[in-house]
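Okay, here's the prediction I keep looking at, along with the sequence it came from:
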Amino acid sequence: MIRILAPLCVTASLLAGLPTTQEALSLTFPGATFTRKEHWLTESQAFQVKERAGTPLSGLWQVAYEARKEGKLVGVAFLDTHRVRTLQETAVVAIAPEGRILRAEVVAFREPPEYMARDAWLRQFDGKPLDSQLTLKGAIRPLSGSTLTANALTDAARRSLALHQLLYVETK
């Protein structure tokens with residue numbers, strides 16, 4: 001039975017019209033050029049991210065896309081792949097140089113489509129910094145019928161902001 005359901009979930013993700021990673025980047029940074037960066041964190045850095053975000057990283061290898069216009073860094077987008085219920089989702093969380101979320105987009109969703117967050121719900125992350133209000137009990141509204149999705153995306157946003165602080169703000 002699992003062999004039958006897994007392909008159906010993948011197909012549902014494709015039918016949902018999710019953007020590709022490149023499309024998600026272009027939505028946030030139109031006209032920018034992108035450089036893929038792979039960051040290998042130390043255990044200490046991963047611990048710092050966990051402390052700031054309040055949720056652990058899935059691993060020490062992290063992927064970011066640096067967006068530049070006319071040579072100037074205009075933002076960074078992180079890929080965050082995580083488990084929702086039993087299957088995975090990948091979000092692109094784009095962050096402005098000053099450390100606020102510009103946009104969050106889901107680019108892969110393997111759970112059944114009824115658990116997927118809609119664009120209107122995702123837009124509430126726009127402009128949010130990493131603070132105590134970036135929670136489902138704070139500035140983020142719950143997602144009716146999809147609490148696990150809401151938790152997973154909120155955690156992804158918090159991890160991405162914490163990574164941005166560590167890798168792009170503190171290294172200046």
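Noted; the coordinates are in hand. Residues are numbered from 1 along each chain as shown.

from what I can see residue 110 touches residue 89, true?
Yes - applying C-beta atoms under 8 Å as the test, residue 110 and residue 89 come out as touching, 6.7 Å apart. C-betas here are computed from N, CA, C, even on glycine.

Show me which of those two is the more surrounded one.
Legend: neighbour count by other C-beta atoms under 10 Å for residue 110 and residue 89, higher for residue 89 (26 against 17).

tell me the phi and psi of the more buried one?
The phi/psi pair for residue 89 (degrees, to the nearest 10) reads phi -140, psi 150.

Likewise for residue 76?
Per-residue torsions, residue 76: phi -140, psi 140 (degrees, to the nearest 10).

Counting neighbours, what do you get for it?
24.

Any figure for the gap between it and residue 152?
Separation of residue 76 from residue 152 (C-beta to C-beta, to the nearest Å): 21 Å.

what do you get for residue 144?
Here residue 144 is placed at a distance of 15 Å from residue 152 (C-beta to C-beta).

ok, these two, which is more surrounded?
residue 152 (24 against 8).

Can you classify that one as helix, strand or coil?
When classified by DSSP: H, G, I helix; E, B strand; the rest coil, residue 152 comes out as helix.

Now for it: which residues touch it?
Shown in contact with residue 152 (C-beta atoms under 8 Å, 6 or more residues apart in numbering): 82-84, 89.
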